[in-house]
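Novice: sequence and predicted structure are below.
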Amino acid sequence: MEVSERFEQLIAFLGSQLPAPVEQQTSDDGAIIFIGGAPAEVVVQLDESNVIVFEYSGAWETDGFVVKPRRVGLVKWRRLSETAVMNAVSTLIKGAREMRLARYRSCSCCGEKNAPELLFSDDVCHRCADEQRDIVH
Ligand SMILES: [Zn+2]
């Protein structure tokens, strides 16, 4: 298979492996960035030689929310067979997602699981925190 065909195949494969909805962007240097899940769970960067898988992560800083994905693995896709690439990438995506979901916390008010950056404090989500503020006013 031609390299360009394999690239197209990888794009389709990543779209099918990531948790939905999948958002696709192109970075300034031409790499394709896939962000899967809502809230985001896994980020994958694909360029002409690498597939890089990240666990989605971010934190609130003084300037607002800053996205800081944690890299979990890089695969040199042109050096491996299609099957080996797909198996490796699929395993990395599963692993990254598992780590991300393990960080979710249940809100002590509504009981819903939330991504860590959506929690107002250790165990109260933003929505419940807002409601509590409304009651006080
Ligand atoms: Zn809540």
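Specialist: Okay, I see it.

Novice: every contact and neighbour count from this point should use C-alpha atoms.
Specialist: Fine.

Novice: the most centrally placed residue in the chain and Leu119, how far apart?
Specialist: For the chain, Val42 is the residue whose C-alpha lies nearest the centre (C-alpha atoms, centre = their mean; 1.9 Å). From Val42 over to Leu119 the distance is 19 Å, taken as C-alpha to C-alpha, to the nearest Å.

Novice: before we move on, what about Phe65?
Specialist: Taking C-alpha to C-alpha as the measure, Phe65 falls 13 Å from Leu119.

Novice: with neighbour numbers in mind, choose between the two.
Specialist: Using other C-alpha atoms under 10 Å as the criterion, Phe65 and Leu119 rank with Leu119 on top: 20 against 11.

Novice: list the contacts for the more buried one?
Specialist: Residues near Leu119 by C-alpha atoms under 8 Å, 6 or more residues apart in numbering: Arg105, Cys107, Cys125, His126.

Novice: give me the buried positions along stretch 34-51.
Specialist: When neighbours are counted by 16 or more other C-alpha atoms under 10 Å, the buried residues of stretch 34-51 are found to be 34-37, 40-47, 51.

Novice: out of the contacts of Leu119, which is most surrounded?
Specialist: Cys125 leads the contacts of Leu119 on contacts (other C-alpha under 10 Å) with 25 neighbours.

Novice: just give the closest residue to it, not the sequence neighbours.
Specialist: Leu119 (4.2 Å; C-alpha to C-alpha, 6 or more residues apart in numbering).

Novice: report pLDDT for that neighbour.
Specialist: Looking at Leu119, its pLDDT is 85.
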